[in-house]
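Undergrad: The following comprises the amino acid sequence and a computationally predicted model.
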Amino acid sequence: PNLTAWDNVGLKGTYYNPSTYSSLGSFTFPVGITVLTFTAQDIGLATTTVTLHVVVTDNQAPVFTNCPADLGNTVLYANSTPDTSTAPVSWGQITATDNVYGTHVLMTLATVPYGYTDGSLFPVGTTVVKYT
């Protein structure tokens, strides 16, 4: 912000908190809320303060990588072996990345009805595996 201060008897100084930001220039702020306080003091020690709240939001959702065929809904087929009603199904490690937090993304695996993961034995039929 380009803030200026003036006083009828003269300014003693202008102070910024945090001191890394001044009233001149442009700055890159992190995601979240940054509070900036600007104080001006005259030679009679009278002060005035203005506080600015800079709010930066991350509106871009994380992106999954290494999804089979990079599709949101992918069908994987496996044949059960003789005398069993299950088959192992593998799809590799699925990860998520974010434009702000990089690979530090909370990713959950919500599988109905059981907690199947890559390489698990799946029963005959359709099982939904969903990453969020």
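TA: Received it, and whenever you're ready, just let me know what you need.
Undergrad: where's residue 67 relative to residue 131, distance?
TA: Separation of residue 67 from residue 131 (Cβ to Cβ, to the nearest Å): 8 Å. For every residue, glycine as well, the C-beta is placed using N, CA and C.
Undergrad: Need the overlap of contacts for those two.
TA: residue 94 (Cβ atoms under 8 Å, 6 or more residues apart in numbering).
Undergrad: Looking at the two, which is more packed in?
TA: residue 67 (17 against 14; other Cβ atoms under 10 Å).
Undergrad: Can you find the helix or strand in the protein with the smallest mean pLDDT?
TA: strand 109-112 (a mean of 62; mean pLDDT, DSSP states H and E).
Undergrad: Distance from the next helix or strand after it to the middle of the chain?
TA: Downstream of strand 109-112, the first helix or strand assigned by DSSP states H and E is strand 121-123. Distance of strand 121-123 from the chain centroid (Cα atoms, centre = their mean, to the nearest Å) equals 34 Å.
Undergrad: contact partners of strand 121-123?
TA: For strand 121-123, the external contacting residues (Cβ under 8 Å, 6+ apart) are 78, 85-89, 116.
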